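S.K.: Structure, please.
(2 chains)
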Amino acid sequence: MGATEQAVRFEILARSAATRARLGRVTTPHGSFDTPAFMPVATAATMKGLTPDQIASTGSQIILNNAYHLMLRPTAERIAHFGGTHEFMRWSKPILTDSGGFQAWSMSEGTKLTEEGVEFRSFVDGSKIMLTPERSIEVQNLIGADIIMAFDDCPPALEPERAPDDPQMSRKRRSKPEEHAKRVREGVDRTARWLERCVRAHRRTDAQGLFGIVQGGTDLELRARSIEQVCSHDLPGYAIGGVAVGESPDEIHRTVAAVAPLLPDGRPRYLMGVGYERDILAAVRAGVDMFDCVLPTRNGRKGYAFTAAGAVRIRNACHTLDRGPLDPACDCLACAGGFSRGYLRHLFMAEELLGPTLLSIHNIRHFQRLMVDIRARILDDAWLDLERRWPVLGLPAVAVGTPAETSEEGSGEGG
RNA sequence: GGGCGGAUACUCAAGUGGCCAACGAGGGCAGACUGUAAAUCUGCUGACUUACGUCUACGGGGGUUCGAAUCCCUCUCCGCCCA
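M.R.: Here you go, the predicted structure:
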């Protein structure tokens, strides 16, 4: 079977004349999705608080699961018992699983990294879990997503140095540069060796496409080295990993702008874990095709709404009497459904579950609407118009301003 | 009518002579979050002030003391018990 029957195919439909952006479509066993694509995250085979219908209502065409979380609970074998994750979570469109490589650093407490793999401490029962490239692929084969990711070694951007007796000032990131560079280089080469093992271990090439992951931090030479190694394998897609793991937005942009164009033109390029709207836009212009990020869901659950004009923290007192929608330009269930800011605020203040659900839906829809607009811009290159419609693109990564409130007329006091 | 016990910041609740603008919790206000161990985490919450600090405060009033939320007298209100 092999090369002739690729589980995942990519076609480029159009190219931006002014940038490196591409408009395309990825086709998988569970249907296709348009690129550039934003993939919301459903770590534990659920988009926390949303039904599949609600996820679909956001325009999302592909979502993420996390192999590490699922192998611990309910276990990959059990998901296979139910016929795979699509059946299990009742989402019939494309799914991508992350390999668990990212968890080696996001949950680095108590993990042990060796050439063989990463030894974790299960957050479910505390037992020791050995995750190797072979096991990660086996788990992902069992879970059954359309796209699976290589098990990579993803070092932190700059090692956060434990407990210096320096209370506040320079708790930033200060590890000896040579040490850090060594660690990043090690990550690059180990990722390459692990990729070999992943490719060999992959048993379902007919049903699942395996993407390789490029590492190298912000060091462009290391990135080039990693690209050479990873792209020596003919894979259905390639990802840029090790980004947005602690660097500044500028570093992210700089790295992506340099790295993305070096990836094979005919394969989808996936920037893992990114990000804010402006980060996505910058990456699209550099030629990236796929994104995932927890921001819309994680922040949504905490009352942080993304809007074209910037962030709205719905719990802020200024929304108490606001009868207007979160974002008048939005067509999501929350905005088009007529829910007022005042009501949404009430839901959060009362810790009602509908609050996180509605804001998650809104936020995902916000990102999907942005992607629709971005895709259209690839055809006409009207990037300035795009930025005009999405002021948030020009704001700092985390906007502070509160968009103009809608009127509170007629509250009829002093009667 | 008599006895006892209470009254502390938005709420509940510590504190019984100086280290108390007052523990803690809730509530409130604000912030963080980029391949999700996140319904988590952080800061603030008497007033004025960027801050140092100053002022006003522990039911009301009056005392004792260098010094009181803390001790004494008295008043008001609340609770329980005895008539």
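
S.K.: Surely residue A:41 is in contact with residue A:295?
M.R.: No - the pair residue A:41 / residue A:295 is not scored as a contact, 9.2 Å apart, by CB atoms under 8 Å. C-betas here are computed from N, CA, C, even on glycine.

S.K.: can you tell me which residues contact residue A:37?
M.R.: A:26, A:61-62, A:289-291, A:371 (CB atoms under 8 Å, 6 or more residues apart in numbering).

S.K.: now swap in residue A:189 and tell me
M.R.: By CB under 8 Å, 6+ apart, residue A:189 lies in contact with residue A:229.

S.K.: so which strand or helix has it?
M.R.: Taking DSSP states H and E as the definition, residue A:189 sits inside helix A:177-201.

S.K.: Now chain A against RNA strand B: closest residue?
M.R.: As assessed by CB to the nearest atom of the strand, RNA strand B sits closest to residue A:275 within chain A, at 1.9 Å.

S.K.: Near that residue, how many other residues are there?
M.R.: Neighbourhood size, residue A:275 [other CB atoms under 10 Å]: 23.

S.K.: Residue A:121 - how many residues pack around it?
M.R.: Using other CB under 10 Å, residue A:121 has 15 neighbouring residues.

S.K.: Now secondary structure, neighbour count and pLDDT too, for the contacts of residue A:37, in CSV please.
M.R.: Shown next, in CSV, are the contacts of residue A:37 (DSSP: H, G, I helix; E, B strand; the rest coil; neighbours: other CB atoms under 10 Å; pLDDT from 0 to 100):
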residue, secondary structure, neighbour count, pLDDT
A:26, strand, 28, 98
A:61, coil, 22, 98
A:62, coil, 26, 98
A:289, coil, 27, 98
A:290, strand, 25, 98
A:291, strand, 23, 98
A:371, helix, 22, 98
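
S.K.: Using CSV, please lay out those together with distance to RNA strand B.
M.R.: Listed next are the contacts of residue A:37 as CSV, based on distance: CB to the nearest atom of the strand, whole Å:
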residue, distance to RNA strand B
A:26, 17
A:61, 17
A:62, 13
A:289, 15
A:290, 11
A:291, 9
A:371, 15
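
S.K.: show me where pLDDT drops low in chain A?
M.R.: A:1-4, A:159-175, A:396-415 (pLDDT under 70).

S.K.: Please, where are all the helices along it?
M.R.: A:52-57, A:67-72, A:76-81, A:85-89, A:103-106, A:133-143, A:177-201, A:220-230, A:249-259, A:277-285, A:295-301, A:341-349, A:354-380, A:383-389 (DSSP state H).

S.K.: Please compute how far the first one lies from its chain's middle.
M.R.: The gap between the average C-alpha position of helix A:52-57 and the chain average comes to 18 Å, counting by CA atoms, centre = their mean, to the nearest Å.

S.K.: Also the second one?
M.R.: Using CA atoms, centre = their mean, the mean C-alpha position of helix A:67-72 is found 17 Å from that of the whole chain.

S.K.: which other helices and strands contact that helix?
M.R.: helix A:76-81, strand A:95-98, strand A:128-131, helix A:133-143 (3 or more CB pairs under 8 Å, 6 or more residues apart in numbering; DSSP states H and E).

S.K.: ok so, going back, just checking, the residue of chain A closest to RNA strand B touches residue A:292?
M.R.: No - contact criterion CB under 8 Å: residue A:275 and residue A:292 do not qualify, at 9.4 Å.

S.K.: What residues does the stretch 151-300 of chain A have near RNA strand B?
M.R.: Residues of the stretch 151-300 of chain A found near RNA strand B (CB under 7 Å from any atom of the strand) are A:152, A:154, A:213, A:239, A:241-242, A:244-245, A:249, A:252, A:272-276, A:279, A:292-295, A:297-299.
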